[in-house]
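Asks: Got a predicted model here, sequence first, then my questions.
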2 protein chains.
Amino acid sequence: MTEQSNRQLRLAQRPTGEPADEIWQFTTEDVPEPGDGEFVVAISHLSLDPAMRGWLDDRPSYLPPVGIGEVMRALGAGRVVASRHQDFPEGTHVTGTFGAQEFAVSDGRGVTRVDTGLAPLTTHLGALGMTGMTAYFGLFDVGAMADGETVVVSGAAGAVGSVVGQLAKIKGGRAIGIAGGPEKCAWLTEELGFDVAIDYKAEKVSRALREACPDGIDVYFDNVGGEILDAALARLRRGARVPICGGISQYNAEGRPTGPANYLNLIAARARMEGFLVFDYAARFPAAAAEMAGWIADGRLVSREHVVEGDLTAFPETFRMLFRGANTGKLVLQITEG
Amino acid sequence: MTEQSNRQLRLAQRPTGEPADEIWQFTTEDVPEPGDGEFVVAISHLSLDPAMRGWLDDRPSYLPPVGIGEVMRALGAGRVVASRHQDFPEGTHVTGTFGAQEFAVSDGRGVTRVDTGLAPLTTHLGALGMTGMTAYFGLFDVGAMADGETVVVSGAAGAVGSVVGQLAKIKGGRAIGIAGGPEKCAWLTEELGFDVAIDYKAEKVSRALREACPDGIDVYFDNVGGEILDAALARLRRGARVPICGGISQYNAEGRPTGPANYLNLIAARARMEGFLVFDYAARFPAAAAEMAGWIADGRLVSREHVVEGDLTAFPETFRMLFRGANTGKLVLQITEG
């Protein structure tokens, strides 16, 4: 192991708009040695998440911005290759915020041991990982979805959205997904069981929502912001909930983002828009993941990961796929054979 | 009574932007006679409310738009002058949605008998009326204010805002009001007991909020929307609540209103923005009004009504005062001696 080197992706400068190649720099260090109570993970897969875009901006948020010169913050999955920590022996598969690099040293805090017999490692970054947890707690807790309700989700072919719609179906509701392009829409209705898929590139979303939700929307799970959020706000049913965990259409906006012009519709609908961070539900992750794993085993929940095979140098281009709608399901960069 | 006529204000055309004189027409009818189970109210005071602007637009909302040619919908106060209804004998003082006219016939539904010994009739349109109820249920129920929390309210020298801040103080919190001009701000801090008043015409609201709320905002009661809403969203404390019942800066907007660009701040703050309509709390109005009346009697709650004396022809100009920040406290048009 000490023969190997650790390639790393670091933030060289802050982006304006869509993150260009120039904002990154690659460095190589020695693979770290674990200290007492530590272990080293060989990272095989990196999770690509819209939230990462926010971490690049120099403004206070729920996490500090990634500093210039720092290894890019990233969730990942891998295998323990050296250990002086009794709970994480060599060979353990783990997920955690290991950063955009090939090896990471950890003391175990925030690291999850995962069972690759239950589901492939990538699924532990998808439906059984933060992605799935975001869908689960966003829909059931923040969205307070009740049986039989009408759920609309944007970014429906994305990592979180594709799980939200399936969870709505599992709980006996109607699921309407908004996604871009006929392939994604066909996937939602034919493979995932959504009742309706709206192709925002081909249809006027406001009209399509009127047809798909004649009685209005009970839960609108927003992943995108912008015009689609506005269209949904105009169709809320009385007492509707709008959980928000991001707004990908706004992340690369230069200047001020565009707020939802229809926010005053919350009044007539007596509706609420509520932000949440999945980390707040960490104590309940194991139980939720166990429930989700059961649904996957039953075939009721499909976790699709869009795995790009490459190495760390593919990160900048793969990251941009998120903002171009180029992924279907959870976007993962495989950087080693794992 | 049959000698008298009933002057009425009707909607002649829908406004674009700020409602001009031309959108109204005045008509005169005979004073109605009460049928069995009905009574006639001589309306002495009309309530001028920002929500009325929304009723003029031809789009579905919580109430149907006022139709072209219809008497303008308006809350008012007056006295029963003829009655065939046992619960509303002649001489009873009442409030209700009587319309912008001098006389109204009613069967009593939605009409409240008021005690002018408890407070003047205008106060029953103010702190003891829908205005006060909006503040009470918006702050305590939708805003879920807890003891000692920091409450920020915009439109703080307006009808609802001035009550919100006082209720926050009564419940042991800090009250920060945002209003336009030094006189209004002085009134808030010197007469109403607000901790801080921010003059949005003279100060940068975002900076002033940073100074006034170093630990952030627990409840932001929004009456105005626009830039002030954005400034407040940027200062929310974790778990903050943002009750919204209107957004006066947007009501006369031509084209699309401006949504809150900072809405994504709800995420990091795990905060919610929630719309409400005071009518939903009608069953609890009597108890709330009794509590408010007690606070008025104690001197802990000041209800200020800005009474314009005129007649019905003063309605168009008085109504525009709302959108120009020309009123301090509850705006009321006195159309007869009462």
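Replies: Here it is on my side, so go on. Since we're looking at a predicted model, the values are computed, not measured. Numbers count the residues shown, from 1 in each chain, chains lettered A, B, ... in the order given.
Asks: low-scoring stretches of the stretch 1-150 of chain A, by residue?
Replies: Within the stretch 1-150 of chain A, the stretches with pLDDT under 70 are A:1-3.
Asks: how about a cut-off of 50?
Replies: Applying pLDDT under 50 to the stretch 1-150 of chain A flags residues A:1-2.
Asks: interface residues of it facing chain B?
Replies: A:61, A:62 (C-beta under 8 Å from any C-beta of the partner chain). Any C-beta I mention is one placed from the backbone N, CA and C, and that applies to glycine too.
Asks: how about the helices in the stretch 101-250 of chain A?
Replies: When assigned using DSSP state H, counting those that start in this stretch, the helices of the stretch 101-250 of chain A occupy the ranges A:130-137, A:159-170, A:182-186, A:205-212, A:226-233, A:248-251.
Asks: Against residue A:200, how distant is residue A:181?
Replies: Going from residue A:181 to residue A:200 by C-beta to C-beta, to the nearest Å gives 9 Å.
Asks: Please identify which of the two sits among more neighbours.
Replies: The neighbour count for residue A:181 versus residue A:200, taken as other C-beta atoms under 10 Å in any protein chain shown, is higher for residue A:200 (21 against 15).
Asks: do you know how far that one is from residue A:216?
Replies: 19 Å.
Asks: give me every residue that touches the closest residue to chain B within the stretch 101-250 of chain A.
Replies: Closest approach between the stretch 101-250 of chain A and chain B, counting by C-beta to the nearest C-beta: residue A:247, at 5.5 Å. Residues in contact with residue A:247 (C-beta atoms under 8 Å, 6 or more residues apart in numbering or on different chains) are A:222, A:223, A:224, A:225, A:226, A:229, A:257, B:263, B:264.
Asks: of these, closest to residue A:63?
Replies: Proximity of these to residue A:63 (C-beta to C-beta) peaks at residue B:264, which lies at 14.2 Å.
Asks: how deep is the closest one tucked in, by neighbour count?
Replies: For residue B:264, the neighbour count with other C-beta under 10 Å is 22.
Asks: which residues sit in contact with the closest residue to chain B within the stretch 51-200 of chain A?
Replies: Residue of the stretch 51-200 of chain A nearest chain B, by C-beta to the nearest C-beta: residue A:62 (4.2 Å). Contact partners of residue A:62, counting by C-beta under 8 Å, 6+ apart, are A:277, A:279, B:267, B:268.
Asks: let's see 6 Å
Replies: By C-beta atoms under 6 Å, 6 or more residues apart in numbering or on different chains, the residues touching residue A:62 are A:277, B:268.
Asks: Residue A:174 too?
Replies: Residues in contact with residue A:174, defined by C-beta under 6 Å, 6+ apart, are A:150, A:195.
Asks: try 10 Å this time
Replies: Taking C-beta atoms under 10 Å, 6 or more residues apart in numbering or on different chains, we find residue A:174 in contact with A:148-152, A:165, A:168, A:194-196, A:212-213, A:215, A:217-218.
Asks: sorry, back to before: if I look at residue A:181 and residue A:200, which residues touch both of them?
Replies: By C-beta under 10 Å, 6+ apart, residue A:181 and residue A:200 have these common neighbours: residue A:325.
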